[in-house]
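A.B. asks: Here's a sequence, model it:
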Amino acid sequence: MEIDRAALAAFLRRRRELLQPEDVGFPRGPRRRTVGLRREEVAELCHMSTDYYARLERERGPQPSESMIASMAQGLHLSLDERDHLFRLAGHAPPVRGTGAVGEHISPGLLRVLDRLADTPAEVVTELGETLRQTPLGVALTGDTTGFAGPARSIGYRWFTDPGTRALYEPADHAFLSRMFVSGLREVAALRGPGSRASHYAELLLARSDEFRDLWDRHEVGIRPHHVKRFVHPEVGALELNCQTLLDPDQSHRLVVYTAVPGSESHERLRLLAVIGPRALR
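C.D. replies: The predicted structure is shown next:
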C-alpha cells in the first residue's frame with residue numbers, strides 16, 4: 001500500500017475541524033476564531049510536534065509510522081472505522097479486528113467521558129489491567145502507569161513481580177487482590193485461548209512467582225473487585241474510594257472512576273491530592 005498524501009491531508013483537516021475544544025477537555029476561550037481545533041492542539045493530543053502534524057495536513061513530510069498513525073487516531077477521537085481508514089490513507093494495513101483481537105484504541109465515547117473527569121481520579125484499562133489513559137488526578141493517585149513496557153504494563157503482572165506495586169494498597173487487602181488478579185487472568189486466558197497475551201503472562205508468572213503458582217493451582221474464577229478500594233498514598237495517607245466501572249464491550253476496555261464519600265476524611269484527602277499533584281509518585 002502507498003500513502004495517499006492528498007486524501008490523508010484532507011481527512012486530517014476535516015477531522016480537526018469537526019472536533020471542538022470541549023470535546024477533548026480544552027477550554028474554548030473568548031477569542032477563538034479557528035473552526036474546530038488548532039493544529040497545535042491536535043499535535044498535543046497526538047503527542048507529536050506541531051510542525052510534523054502541519055506538514056501532514058500540507059501533503060508534505062515523511063510517511064507516518066504505524067505507531068504515529070495510531071497516536072493520531074486516538075488524539076483525533078476517531079472511531080474504529082475511521083481509524084482503519086486513516087491507516088489505509090497512510091499506506092498501512094489497519095490493526096486486526098474481530099473475535100479475540102483486543103486493541104488499544106479507546107472509543108471516542110469513552111474518551112469524551114474521560115476528558116470531562118479532570119478533577120477525578122480515573123483511568124481507561126484493558127482486560128489485562130494495562131493502563132491506556134489516565135486523568136491528572138489518576139496519575140496523582142497511582143503514579144503514571146501508562147509508561148510501562150511489555151508484560152509490566154499489566155498491574156496483575158506487576159503485582160507478582162514488583163513489590164513496589166503493592167505499596168499503594170492497604171496491606172490487609174493484599175491477599176484478596178492476589179486472588180482477584182489470578183482469577184481475572186485465568187478467565188481472560190480461557191477467553192482468548194492459547195497463544196494469547198493473557199496465556200503468555202500466565203506462563204511467565206508461573207515461572208517467576210511461587211505465590212502466583214500456588215493461587216493458579218486453585219483454579220478460582222469469578223473473583224470480582226470490591227466496590228471500595230483502599231489506598232495508602234505516600235503524601236496524603238489512607239484513602240477509601242468507591243470504584244465505578246464503565247465497560248466498552250467492543251474493545252474490552254474499562255473506564256474506572258474513583259470517588260470519595262462527600263464530607264469524609266478520604267474526600268478531604270482527595271482534595272488535598274488534587275493540590276499536591278503527582279510529584280510524590282514520579
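A.B. asks: low pLDDT regions in the chain?
C.D. replies: Along the chain, segments meeting pLDDT under 70 span 97-102, 279-282.
A.B. asks: Where do the strands of it begin and end?
C.D. replies: Taking DSSP state E to define them, one finds strands in the chain at 122-125, 131-134, 228-233, 237-248, 253-259.
A.B. asks: of all the ones you listed, which lies closest to Leu8?
C.D. replies: Nearest to Leu8, of all the strands of the chain, is strand 131-134, at 24.7 Å by CB to CB. All C-beta spots, glycine's among them, are computed from the backbone N, C-alpha and C.
A.B. asks: which residues of the stretch 101-250 of the chain fall in helices?
C.D. replies: For the stretch 101-250 of the chain, helices defined by DSSP state H, counting those that start in this stretch occupy the ranges 108-115, 136-142, 155-161, 163-166, 174-192, 197-208, 210-216.
A.B. asks: Can I get the fifth one in PDB? Just the C-alpha atoms.
C.D. replies: Extracted C-alpha coordinates of helix 174-192, given in PDB (Å, rounded to 0.1, in the frame of the first residue of the first chain):
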ATOM      1  CA  HIS A 174      -3.200  -7.900  49.500                       C
ATOM      2  CA  ALA A 175      -4.300 -11.500  49.900                       C
ATOM      3  CA  PHE A 176      -7.700 -10.800  48.300                       C
ATOM      4  CA  LEU A 177      -6.100  -8.700  45.500                       C
ATOM      5  CA  SER A 178      -3.700 -11.500  44.700                       C
ATOM      6  CA  ARG A 179      -6.600 -14.000  44.300                       C
ATOM      7  CA  MET A 180      -8.500 -11.500  42.200                       C
ATOM      8  CA  PHE A 181      -5.600 -10.800  39.800                       C
ATOM      9  CA  VAL A 182      -5.000 -14.600  39.300                       C
ATOM     10  CA  SER A 183      -8.800 -15.300  38.800                       C
ATOM     11  CA  GLY A 184      -9.000 -12.500  36.300                       C
ATOM     12  CA  LEU A 185      -6.000 -13.600  34.300                       C
ATOM     13  CA  ARG A 186      -7.300 -17.200  34.200                       C
ATOM     14  CA  GLU A 187     -10.600 -16.000  32.800                       C
ATOM     15  CA  VAL A 188      -9.100 -13.900  30.100                       C
ATOM     16  CA  ALA A 189      -6.600 -16.600  29.200                       C
ATOM     17  CA  ALA A 190      -9.500 -19.100  28.800                       C
ATOM     18  CA  LEU A 191     -11.500 -16.500  26.700                       C
ATOM     19  CA  ARG A 192      -8.600 -15.600  24.400                       C
END
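A.B. asks: Other residues contacting it?
C.D. replies: Defining contact as CB atoms under 8 Å, 6 or more residues apart in numbering, one finds that helix 174-192 is touched by 100, 102, 127-129, 155-156, 159-160, 166, 169, 196, 198-199, 201-202, 205, 211-212, 215-216, 218-226.
A.B. asks: The first one too?
C.D. replies: Counting by CB under 8 Å, 6+ apart, helix 108-115 makes contact with 23-25, 74, 77-79, 106, 122, 124, 133, 135, 246, 248, 253, 255, all of which sit outside it.
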